[in-house]
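Novice: The amino acid sequence is not available; the structure is as follows:
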């Protein structure tokens with residue numbers, strides 16, 4: 001029996017988070033949802049997700065800072081991280097890439113099916 005892949009969903013827009021959570025659960029993933037950067041950091045260590053879907057604009061600690069901290073912490077350095085953000089400026093994408101993000105998706109440019117596809121790609125799951 002395959003254990004479910006674990007995804008940490010970090011999104012402060014509760015309506016959007018609910019949509020992503022239900023779709024990813026339908027796809028067979030185990031989802032933990034948090035709504036700010038502080039909770040994201042503690043959940044990454046405690047829940048040990050296979051992949052993190054990370055929003056950039058959040059209260060307290062931004063997604064960029066979360067990414068930076070995770071990449072510089074031995075326990076979480078190799079976690080797959082996809083940034084899912086409203087920020088569409090090239091400089092934001094470059095910043096995320098410089099910090100070691102695995103993928104950078106702009107919310108206005110993707111539909112949920114695209115996100116699911118990228119998640120599966122990064123987890124090595126073939127349709």
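Specialist: It's in. Keep in mind that this is a model prediction, so the values were computed, not measured.
Novice: Relative to residue 18, how far out is the closest residue in space to residue 28 that isn't next to it in sequence?
Specialist: Nearest in space to residue 28, with sequence neighbours left out and distances taken as C-beta to C-beta, 6 or more residues apart in numbering, is residue 4 at 6.2 Å. In short, each C-beta sits where N, CA and C put it, glycine included. Residue 4 is 19 Å from residue 18, where distance means C-beta to C-beta, to the nearest Å.
Novice: With residue 123 instead?
Specialist: Distance of residue 123 to residue 18, computed by C-beta to C-beta: 22 Å.
Novice: Point to the residue nearest the middle of the protein.
Specialist: residue 53 (1.1 Å; C-alpha atoms, centre = their mean).
Novice: Can you tell me the SS state at that residue?
Specialist: strand (DSSP: H, G, I helix; E, B strand; the rest coil).
Novice: My guess is it contacts residue 80. True?
Specialist: No. Under the criterion of C-beta atoms under 8 Å, residue 53 makes no contact with residue 80, lying 9.8 Å away.
Novice: show me what contacts residue 97?
Specialist: residue 104 (C-beta atoms under 8 Å, 6 or more residues apart in numbering).
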